[in-house]
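here's my sequence, what's the structure:
(chains A, B, C and D)
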Protein chains: 2
Amino acid sequence: MTNSGSTSGIPEATVVRLPEYLRALSALSESGWTVCSSDDLAAAAGVNSAKVRKDLSHLGSYGRRGVGYDVEFLRSHISREIGMTQEWSVLIAGIGNLGHALANSAGFQARGFRTVALVDADPQRVGETVAGVVVRDQSELEACIAQHHVAIGVIATPPHVAQDMCDRMVAAGVTSILNFAPVVLTVPEGVDLRRVDLAMELQILAFHAQRRTVVA
Amino acid sequence: MTNSGSTSGIPEATVVRLPEYLRALSALSESGWTVCSSDDLAAAAGVNSAKVRKDLSHLGSYGRRGVGYDVEFLRSHISREIGMTQEWSVLIAGIGNLGHALANSAGFQARGFRTVALVDADPQRVGETVAGVVVRDQSELEACIAQHHVAIGVIATPPHVAQDMCDRMVAAGVTSILNFAPVVLTVPEGVDLRRVDLAMELQILAFHAQRRTVVA
DNA sequence: TAGATTGTTAATCGATTAACAATC
DNA sequence: TAGATTGTTAATCGATTAACAATC
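So this is what the prediction gives:
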């Protein structure tokens, strides 16, 4: 797959917004909303209402004309669609500052995900407990994956070892990988790879900022 | 602006790839390449060569037909285009695990960026030194921005205070904001806002993973 | 019935890709 | 001259948006 493999019939652009709708619906629910219109949901998710209706239409017909969407019903439906009704076991490779932060982050401790294994190459770090999990040596990566049935592998290692980590994860059967290392990874067909690059985000902001000052 | 404001004439899809080309060219340069074809650069950046040529054509005509691109020349040109020839002052609001990791990350310490200020709401954390910078109380946000001429504000606070932080940054003159809080922020016209959401990345992977298992 | 809002269609827009003339 | 590779054009593809008939 290597990202954007629209196997599901649902456009990738829509898939990427589903988690946002889920978050928005949870927020609406907590604020006491029981029903909302596409306009309400659009405002909460930061998009326009045409996009909301189009996106939701890909999941099926869950609204009522003249009325809107039942918040709880829609939320549980999207939740099931995204797979948040089951637990996904996560392994983090590389427990430096970032790996440490990820393990402790709300996103990784949210319902639906369980950080079950941490590995690092630094002997000093092995044995340490982070977010309730004992860090193991990187040589035990394969054993960790097998033991915990890891579904999602997260790479937070230095860039020069990222491809090797990735290859080993794939060989051990992991088919979903999230890469934080600033390097392009290669994965075989059928493996889903996403990447988050902090430097790149700053650079994109800098590009626009520069344009503003140059133009002005 | 609120993202994707194609003021520059360069398509936003291209802008997002420029940092990747820059990284790829640096890697090629370090490996001793002096000239590379669009095919070589494409391989290093994880895209196809048609996209490379099309993207680069938006910057001008910097290759030689039959030969390729001069690695150093192209690198320095893109570097200037992105604004990496100047220093951008960065402030991070919220020095929890994530803010801490960001301040120490390679991306934030890269050439072109300088983390000049850190603020937090927790009195316990104020006064602590992180990545060589002393954490100050969040009430000093405006003073920090003015004192250090902050160009980029990073929000790594809990979600419920993120909008307030954002508003204060904007009021203090910051026009580029990177948000790590899992919430949709509203900014006025002319402010460039990007967002990174860790939970969302995991959920997108989970969606595809579930589809694979359901279909299989 | 009148008002509201969905689900869908059709139009528009932008991004990707293939192909090839230009030219080193 | 022959081979290689760019820069650009035109075709394709997918995503966004506006508009409105269907219907609660």
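
going forward, measure contacts and count neighbours with C-alpha atoms only.
Will do.

tell me which strands the longest strand seen in chain A pairs with, and in which orientation.
Longest strand in chain A by number of residues, with DSSP state E as the criterion: strand A:113-120. According to DSSP bridges, strand A:113-120 forms sheet pairs with strand A:88-93 (parallel), strand A:133-137 (parallel).

what about it, distance to the chain center?
Mean-position distance between strand A:113-120 and its chain equals 15 Å (C-alpha atoms, centre = their mean, to the nearest Å).

who touches it?
A:87-95, A:103, A:108-109, A:126, A:133-138, A:140-141, A:144-145, A:148, A:150 (C-alpha atoms under 8 Å, 6 or more residues apart in numbering or on different chains).

can you pull the pLDDT of A:Thr2?
With respect to pLDDT, A:Thr2 scores 50.

just to be sure, A:Ala199 is in a helix?
Yes: assessed with DSSP: H, G, I helix; E, B strand; the rest coil, A:Ala199 lies in a helix.

correct me, but it touches B:Gly107?
Yes: contact criterion C-alpha atoms under 8 Å: A:Ala199 and B:Gly107 qualify, at 4.0 Å.

and A:Gln210, how many neighbours?
18 (other C-alpha atoms under 10 Å in any protein chain shown).

for B:Val187, see how far away it is.
19 Å (C-alpha to C-alpha, to the nearest Å).

and stretch A:165-173, average pLDDT?
Stretch A:165-173 comes out at a mean pLDDT of 98.

buried stuff in it?
A:165-167, A:169-170, A:172-173 (16 or more other C-alpha atoms under 10 Å in any protein chain shown).

do the same with stretch A:140-147
A:141-142, A:144-145.

and which of the residues you listed is nearest to DNA strand D?
A:Ile145 (32.0 Å; C-alpha to the nearest atom of the strand).

dump the buried residues of stretch A:165-173 into JSON lines; add distance to chain B and secondary structure as well.
As requested, the buried residues of stretch A:165-173 are exported to JSON lines (distance: C-alpha to the nearest C-alpha, whole Å; DSSP: H, G, I helix; E, B strand; the rest coil):
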{"residue": "A:Met165", "distance to chain B": "18", "secondary structure": "helix"}
{"residue": "A:Cys166", "distance to chain B": "15", "secondary structure": "helix"}
{"residue": "A:Asp167", "distance to chain B": "16", "secondary structure": "helix"}
{"residue": "A:Met169", "distance to chain B": "15", "secondary structure": "helix"}
{"residue": "A:Val170", "distance to chain B": "14", "secondary structure": "helix"}
{"residue": "A:Ala172", "distance to chain B": "16", "secondary structure": "coil"}
{"residue": "A:Gly173", "distance to chain B": "12", "secondary structure": "coil"}
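
which two among these are spaced furthest apart?
Pairwise distances across these peak at 12.6 Å for A:Met165 and A:Gly173 (criterion: C-alpha to C-alpha).

which bits of chain A sit near DNA strand D?
A:11-14, A:47-48, A:50-51, A:54, A:64-67 (C-alpha under 7 Å from any atom of the strand).

could you list the low-confidence segments of chain A?
A:1-8, A:214-216 (pLDDT under 70).

all the helices of it, residue numbers only.
A:12-30, A:38-45, A:49-59, A:71-82, A:97-104, A:106-109, A:141-148, A:159-171, A:198-215 (DSSP state H).

buried residues, the shortest one. List them.
Buried positions in helix A:106-109, judged by neighbour count with 16+ other C-alpha under 10 Å: A:107-108.

how far off centre is it?
10 Å.

go on, the fifth one?
For helix A:97-104, the separation from the chain centroid amounts to 15 Å (computed by C-alpha atoms, centre = their mean).

that helix to helix B:97-104, inter-axis angle?
Helix A:97-104 and helix B:97-104 are oriented at 170 degrees to each other (axes from the mean of the first three to the mean of the last three C-alpha atoms, to 10 degrees).

beta partners of the residue positioned nearest the centre of chain A?
Central residue of chain A (C-alpha atoms, centre = their mean): A:Leu178, 7.5 Å from the mean position. When assigned by DSSP bridges, A:Leu178 has beta-bridge partners A:Val154, A:Arg194.

mind checking which of the strands paired with strand A:113-120 is nearest A:Ala27?
strand A:88-93 (23.0 Å).

residue in chain A nearest to DNA strand D?
Counting by C-alpha to the nearest atom of the strand, chain A gets nearest DNA strand D through A:Gly66, at 3.6 Å.

do you know how far that residue is from DNA strand C?
Applying C-alpha to the nearest atom of the strand, to the nearest Å, the value for A:Gly66 to DNA strand C is 3 Å.

alongside DNA strand C, which residues does chain A contribute?
Counting by C-alpha under 7 Å from any atom of the strand, chain A sits next to DNA strand C at A:36-39, A:50, A:53-54, A:56-57, A:60-69.

got a PyMOL select line for the buried ones in these?
A single PyMOL command selects the buried members of these (16+ other C-alpha under 10 Å):
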select buried, chain A and resi 36+37+38+39+53+56+63+68+69
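
quick check: angle from the longest strand of chain A to helix B:198-215?
Going by the same axes, to 10 degrees, strand A:113-120 makes 110 degrees with helix B:198-215.

show me what counts as buried in strand A:113-120.
A:113-120.

just name the closest of these to A:Gly83, please.
Nearest to A:Gly83 among these, with distances taken as C-alpha to C-alpha, is A:Phe113, at 10.2 Å.

partners of the closest one in the sheet?
A:Trp88.

need phi/psi at the nearest residue to A:Asn104 once chain neighbours are set aside.
Nearest residue to A:Asn104 in three dimensions, chain neighbours excluded: A:Ala131, at 5.5 Å (C-alpha to C-alpha, 6 or more residues apart in numbering or on different chains). With angles defined as degrees, to the nearest 10, A:Ala131 sits at phi 50, psi 40.

and the gap between the nearest residue to A:Thr34 once chain neighbours are set aside and B:Asp40?
Distances taken as C-alpha to C-alpha, 6+ apart place A:Val71 nearest to A:Thr34, at 5.2 Å, with adjacent residues excluded. Look at A:Val71 and B:Asp40: by C-alpha to C-alpha, they are 50 Å apart.

nice, that's everything, thank you.
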